[in-house]
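**Q** no sequence for this one, just the structure:
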Ligand code: MN
């Protein structure tokens, strides 16, 4: 039975002032929460977090990290909650435990080779405090050590593959050398047992042959240092089977020499002595060319510092020698964790300072990673803080800039998905398209066949891909509308002058206006860059237009009716949805709705404004009949969209009348977007209401419902200004 006392004894060896109370409490809590749960080995579950804590105690970690390790599976696997952990063990521990749980949640996603780097960045990004990652790595190490208890070989393989693709490079990146080597070798045993066994056999053969030699070399190096007054520890260390195998793969070599399997290490007090020791080794033994590396003057990207050299050593053996200080030795084993480790004599620094130093260290690592010769893999590490990593429903990982939304995600998956996107689900819940995505979110995009990109998306998307697709669509849409408008304007002139309109008649003047296509010409007219009458004159140079006379009021009315009726060659121009920045606008004076009889007024360069046919504003255009345009509602397959309907309402000044008003409108599917009180008396209030509706029928329904309501004195659709 594992109890926390050995753990506490272990912590006391490096932190004599350590208070065991919270660790004991965490132990009792974890034991209680995991009660009844067992590991694959059959042991009670709580032994696992305790072992993980032990691994971190070996790394001399601080108390919050140890407690986090003991609690690390409680949020994910038991009924414990964040608030409870916070109340019991404080915010620091609760945040750390929560971080570890977040990482656990993203495990087991299928990750293909090239996605592994993204996944590593996701893990880094999600462990905002490096201690989260340290606990996770220790957790993984214990799980790998006990992997043989898992029955299914596929599951063992999956976990080993995930470990070698994700966690080994992470451990390497933050400099946890020993942990990395052990993880690697455990994965090796799982993934390629035959190769590992053959190396193990060869090793034991070489070891038998070399046992005496190793001690001989150690003794000789020791006396060499002692003779020059350098206080040095000398040790021989066998390389791991995995690193030997990798080297054989990489260099396509066999291994037969001692230097292939052993490294000797000289650990001294300070940097001066490092170079002193190096001088002694080099002046005593012949060096092997091309094997000298000074990682003290130029540390590895993960912070590793040491001198490496290979010499023809005692008894003519090729020997690899590593020279470093004690501090470097600790850092080489613990990497960034060394900064969190308790140091005797030094009281723990304040948390903020540590946090800051850790961040700076990591940023340095990431920056230096740009040096290609030092890259563990040939992947460039972007600053992961500015990225967000999310999943498709199938578990594919997508990397996006921070602040990205479901629309960015949709376009990143496929432009077709982006164009047809109508909604999104984030982690299974419906979410607005402008929601900012978080690391680890799973996004489901809902699409519809008839949907097209909305220009309003441009306000919140952050990726260039999404933006350019939306812009391209809007431009195309604008061009289509301007082209339809231009054609309608030209048709009208043909009709006025008594000619039948055909595209063919226009087609042959297209080159004269330096256009490639007839639609460009129409769009030019619609946008106001070309004058319709000029084009008409170019087509019919001999035609004489009778002088126009100012129309009477009666003729204006007639004009509107005529425009409405269309007739002749001209067909009404169909009006589509209300898209900002488009060629077609709805007049604010009369708020036309689908179902209303409408007419368009052309403003050069600004497109066409749609009014209801009885709008008073139209009087202002009586003098310019050429600006009137026949338009009609397009009953296309589009889903019903909202239009603004304006109501003039008078309500009794009694309690609750306003509430009743909005309830009645809401019940009838209307949505009030604006309310303006125009006059107030003792008994009545007059107001203007803007309501989102689908069409006139919808608005008329609302009007009828309001008229049936006692507190409402009168309701009319507002006309004119
Ligand atoms: Mn665990």
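**A** Received it, and whenever you're ready, just let me know what you need. Because the structure is predicted, anything quoted here is derived from the model rather than measured.
**Q** Only C-alpha atoms from now on, for both contacts and neighbour counts.
**A** Will do.
**Q** dump the residue contacts of residue 460.
**A** 405, 434 (Cα atoms under 8 Å, 6 or more residues apart in numbering).
**Q** and if we set it to 7 Å?
**A** residue 434 (Cα atoms under 7 Å, 6 or more residues apart in numbering).
**Q** One more: residue 447?
**A** Residues in contact with residue 447 (Cα under 7 Å, 6+ apart) are 417, 420, 421, 422, 423.
**Q** beta partners for the most centrally placed residue in the chain?
**A** The centre of the chain sits closest to residue 388, judged by Cα atoms, centre = their mean, with a distance of 2.7 Å. On the basis of DSSP bridges, residue 388 takes part in beta bridges with residue 400.
**Q** Roughly how far does it sit from residue 405?
**A** 10 Å (Cα to Cα, to the nearest Å).
**Q** One more: residue 711?
**A** For residue 711, the distance to residue 405 - Cα to Cα - is 45 Å.
**Q** Quick check: can you list the domain ranges of the chain?
**A** For the chain, automatic domain parsing gives the domain ranges 4-176, 196-334, 355-472, 474-631, 642-717.
**Q** And the first one, end to end?
**A** This means domain 4-176. 25 Å.
**Q** How far away from the center of its chain is that domain?
**A** 25 Å (Cα atoms, centre = their mean, to the nearest Å).
**Q** what do you get for stretch 454-473?
**A** Counting by Cα atoms, centre = their mean, stretch 454-473 comes out at 17 Å from the chain centroid.
**Q** what about that stretch, average pLDDT?
**A** Stretch 454-473 comes out with an average pLDDT of 87.
**Q** Okay, buried residues for it please.
**A** 454-455, 457-458, 460-463, 466-467, 469-471, 473 (16 or more other Cα atoms under 10 Å).
**Q** quick one: secondary structure of residue 273?
**A** Applying DSSP: H, G, I helix; E, B strand; the rest coil to residue 273 yields a three-state assignment of helix.
**Q** and it, how far is that from residue 236?
**A** Residue 273 is 19 Å from residue 236, by Cα to Cα.
**Q** Likewise for residue 160?
**A** Using Cα to Cα, one obtains 29 Å as the distance from residue 160 to residue 236.
**Q** Same drill for those two, tell me which one is more crowded.
**A** residue 160 (25 against 17; other Cα atoms under 10 Å).
**Q** isn't that one right up against residue 187?
**A** Yes. Between residue 160 and residue 187 there is a contact at 5.0 Å, judged by Cα atoms under 7 Å.
**Q** So which residues of the stretch 601-721 of the chain form strands?
**A** When assigned using DSSP state E, counting those that start in this stretch, the strands of the stretch 601-721 of the chain occupy the ranges 607-612, 628-629, 631-633, 643-652, 671-680, 684-693, 712-717.
**Q** Most tightly packed of those?
**A** strand 628-629 (a mean of 26; mean count of other Cα atoms under 10 Å).
**Q** Can you list the strands that it pairs with?
**A** When DSSP bridges is applied, strand 628-629 pairs with strand 598-603 (antiparallel).
**Q** low-confidence ranges in the stretch 351-500 of the chain?
**A** 351-386 (pLDDT under 70).
**Q** Can you name the residues that contact the nearest residue to residue 645 once chain neighbours are set aside?
**A** Distances taken as Cα to Cα, 6 or more residues apart in numbering place residue 691 nearest to residue 645, at 5.2 Å, with adjacent residues excluded. For residue 691, the contact set (Cα under 7 Å, 6+ apart) comprises 644, 645, 646, 670, 671, 672, 673.
**Q** how about JSON lines for the residues you listed, with pLDDT and distance to residue 221 added?
**A** What follows is the contacts of residue 691, written out as JSON lines (pLDDT from 0 to 100; distance: Cα to Cα, whole Å):
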{"residue": "644", "pLDDT": "82", "distance to residue 221": "90"}
{"residue": "645", "pLDDT": "87", "distance to residue 221": "94"}
{"residue": "646", "pLDDT": "89", "distance to residue 221": "95"}
{"residue": "670", "pLDDT": "88", "distance to residue 221": "90"}
{"residue": "671", "pLDDT": "87", "distance to residue 221": "87"}
{"residue": "672", "pLDDT": "87", "distance to residue 221": "88"}
{"residue": "673", "pLDDT": "83", "distance to residue 221": "86"}
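**Q** Look up how far residue 105 lies from residue 152.
**A** Residue 152 is 21 Å from residue 105, by Cα to Cα.
**Q** For residue 11, which non-adjacent residue is spatially closest?
**A** Nearest to residue 11 is residue 57, by Cα to Cα, 6+ apart, at 5.9 Å.
**Q** pretty sure that neighbour contacts residue 13?
**A** No. Between residue 57 and residue 13 there is no contact under Cα under 7 Å: 9.7 Å.
**Q** what about those two, which has more around it?
**A** Of the pair residue 57 and residue 13, residue 57 is the one with more neighbours under other Cα under 10 Å, namely 25 against 13.
**Q** Give the next helix or strand downstream of the helix or strand containing the more buried one.
**A** Following DSSP states H and E, one finds residue 57 within helix 47-58. Moving toward the C-terminus from helix 47-58, the next helix or strand (DSSP H and E) is helix 63-71.
**Q** Now do that next one and helix 47-58, the angle between them.
**A** 160 degrees (axes from the mean of the first three to the mean of the last three Cα atoms, to 10 degrees).
**Q** Quick one: list the elements packing against whatever helix or strand comes next after helix 63-71.
**A** Under the assignment DSSP H and E, the closest C-terminal helix or strand after helix 63-71 is helix 74-77. Packing partners of helix 74-77 (3 or more Cα pairs under 7 Å, 6 or more residues apart in numbering; DSSP states H and E): helix 82-105.
**Q** List the contacts of the helix it packs on.
**A** By Cα under 7 Å, 6+ apart, the residues outside helix 82-105 that reach it are 64, 68, 71, 72, 73, 75, 76, 123, 126, 127, 132, 136.
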